[in-house]
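Engineer: sequence and predicted model, in that order:
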Amino acid sequence: MAIKTSEVNTAHAVKKPKKSGQWYRSAIQIFFFSLVALITINVILAKYGWSIPFLSTASLHAICPFGGIVSIYNFAALGTFVQKIHSSSFILMLTAILLAVFFGPVICGWICPLGTFQEWISKIGKKIFKKRFNNFIPLKLDRYLRYIRYISLILVVYFTATTARLVFQTYDPYFALFNFWSGEVAIAAYIFLGASIVLSFFTERPYCKYICPYGALLGIFNLFRIFKIRRKASTCIDCKKCDNTCPMNITVSKARTVYSHQCISCMKCTSEYSCPVAATVEFSTKGEKKA
Amino acid sequence: MKIKSIYLAIIIFAVIFVTITATSLTGLWKTTTDKIPIKYADGEFAGQYNPADIRGSYTFDDIHNTFEIPLEDLGKAFGLKDPALFASFKCNELETIYASLSEEGKEVGTASVRYFVALYKGLPYDVEEGTWLLKPAVSILKAKAKLGDEQVQYLDTHSVDPVEASAQTASSSEQTTDVTVVKTITGSTTFQQLLDWGVKIEDVDKLLNDSISDLGETIKNYATRKGIEFSTIKVPFQTLVDSVK
């Protein structure tokens, strides 16, 4: 049962929304976006005999953990990676899985440059559409659309396994974002990137929500990640701020523990950021015991 | 136990960079291929290199080193005119040169090299649909490889004339019949290639402060022999090549 705000004021310390927590996430996002952009530029510079010292000249595929996922079948069957994929992708894949076991899809919420890019565009969308932003698609339809990314995951893994080629590159907006000038980008990838940009004005992370095969895979870890987003019902004032802040439209206010495959562990719903009541929505290993 | 975002940020950062550093130090972290294909794991050909694993980034020299196919055969099979460029030619350059063929469902590219190598060495390989070879490659295979009737039939119906094919790609026609490659200094670039690209021998000698006796030697070998880092002389040589019009 929800507790009234007045009661909470006396029983628990209500604090103002504090944004300092999100500064750390933004810093990490900016760092990884810049790192990937600089590495991409460095690849070009290296071709002309210039390169930024101490910075990798690895290809975009070599530093993407999803390359490891699509290469698993090939590696198991032939002991080799698919084209353009190297051991670095495999190592990053294992690292991402390790992080996901503990914290869920932090790769999506904290690192993925494409996710970050969509978030930046969405800031404009929020200013234009205000409360309508991120609420354009009817919930009933949206619920089903969210599963498209699992079809995407199955198709990508299947076709990569059967062709031993990096088929996803043809549709990959992440590759298009960092290589749009290179002439290596397929039209389909430009279309996916363009659509992601346009839709980001209306909704948060459209590509992540509906298409991203890697997000689909990492989302499964939300079912058993060690640290989970947990809401303490005894102190919750049912203000719905957690719901309104969640970029992935998860109804945190109705759950004690968030198991949604869409959660990206961004921590925006927590008491550290949007929840006005201290120690009520937290990223923790243990939740409140049911009364 | 609960975690705050600052600690999560530190953990994410630390886990990723510690892993990269540790795997780099142990030699596991690789962002490029070794240019050595995998070997057949079992069967009649166990232990031999598998042409199916040839990558687009492999040069003909890499293929020559692993499959022991003469560079001359590789170069001629794929329509290269200048023998000095055979070694440094990368398989994926074929895809650019014969790009126009792909519109007709014919592909002359890395898969063609894999198929050529497999037939040349008599190794098992499942040819991909749409893989075509150039007519000189077919002639070489008929002369040097043991081909079955089905293979001969396939080759006869899946080969194109290099001049005709490259003429379809207007922009690439000149490359195929003349130079065909980007003038980039790699580990297999020889001093002779520099001269072929228009660099003057005096400029080479001046840059090295040495007189080159063996023009066939690769720049990399020279650097190793003299105890110089290849990467340090590669850049000025590339500048020299780029300055030649």
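Structural biologist: Everything's here; your move.
Engineer: check contacts around residue 57.
Structural biologist: I went with chain A, as the question did not name one. A:I39, A:N42, A:V43, A:A46, A:S51 (C-beta atoms under 8 Å, 6 or more residues apart in numbering or on different chains). Heads up, the C-betas are built off the backbone N, CA and C, glycines and all.
Engineer: let's do chain B instead
Structural biologist: Contacts of B:S57 by C-beta under 8 Å, 6+ apart are B:T32, B:T33, B:K35, B:K90, B:C91, B:N92.
Engineer: any idea which of those residues has the most stuff around it?
Structural biologist: Within the contacts of B:S57, most neighbours by other C-beta atoms under 10 Å in any protein chain shown means B:C91, with 24 neighbours.
Engineer: measure it to A:H86 for me?
Structural biologist: Distance of B:C91 to A:H86, computed by C-beta to C-beta, to the nearest Å: 17 Å.
Engineer: find me the pLDDT at residue 211, would you?
Structural biologist: If you meant another chain, say so; for now it's chain A. A:I211 is assigned 95 on the pLDDT scale.
Engineer: look at chain B instead
Structural biologist: 76.
Engineer: helices of the chain, residue ranges please.
Structural biologist: Going with chain A. For chain A, applying DSSP state H gives helices covering A:5-11, A:20-47, A:66-78, A:87-103, A:106, A:113-129, A:139-145, A:148-163, A:173-179, A:187-200, A:206-210, A:213-220, A:241-245.
Engineer: hmm, I had chain B in mind actually
Structural biologist: Under DSSP H, chain B gives helices at B:5-25, B:60-67, B:71-77, B:93-97, B:110-121, B:135-144, B:149-157, B:162-168, B:170-177, B:191-196, B:201-208, B:219-226, B:230-243.
Engineer: least reliable of these going by mean pLDDT?
Structural biologist: Looking at those, the weakest mean confidence is helix B:170-177, a mean of 45.
Engineer: can you get me a residue count around the closest residue to A:D172 other than its chain neighbours?
Structural biologist: Once flanking residues are discounted, A:D172 sits nearest to A:A189: 5.3 Å by C-beta to C-beta, 6 or more residues apart in numbering or on different chains. A:A189 has 22 neighbours, counted by other C-beta under 10 Å.
Engineer: A:A189 touches A:F178, doesn't it?
Structural biologist: No: with contact defined as C-beta atoms under 8 Å, A:A189 does not count as touching A:F178 (10.9 Å).
Engineer: overlap in contacts, those two.
Structural biologist: With C-beta under 8 Å, 6+ apart, A:A189 and A:F178 have no common neighbours.
Engineer: what's B:I11 in contact with, if anything?
Structural biologist: Here B:I11 is in contact with A:L99, A:F103, B:I3 (C-beta under 8 Å, 6+ apart).
Engineer: and the closest residue to A:L94 other than its chain neighbours, what does it touch?
Structural biologist: Among residues not flanking A:L94 along the chain, A:G68 sits closest, at 7.3 Å (C-beta to C-beta, 6+ apart). A:G68 is in contact with A:I85, A:S89, A:F90, A:I91, A:L92, A:M93, A:L94, counting by C-beta under 8 Å, 6+ apart.
Engineer: can you do 7 Å?
Structural biologist: Residues near A:G68 by C-beta atoms under 7 Å, 6 or more residues apart in numbering or on different chains: A:S89, A:F90, A:L92, A:M93.
Engineer: roughly how far does the residue lying closest to the first one once chain neighbours are set aside sit from chain B?
Structural biologist: Closest residue to A:S89 in three dimensions, ignoring its sequence neighbours and counting by C-beta to C-beta, 6+ apart: A:G67, at 3.4 Å. Here the distance between A:G67 and chain B works out to 11 Å (C-beta to the nearest C-beta, to the nearest Å).
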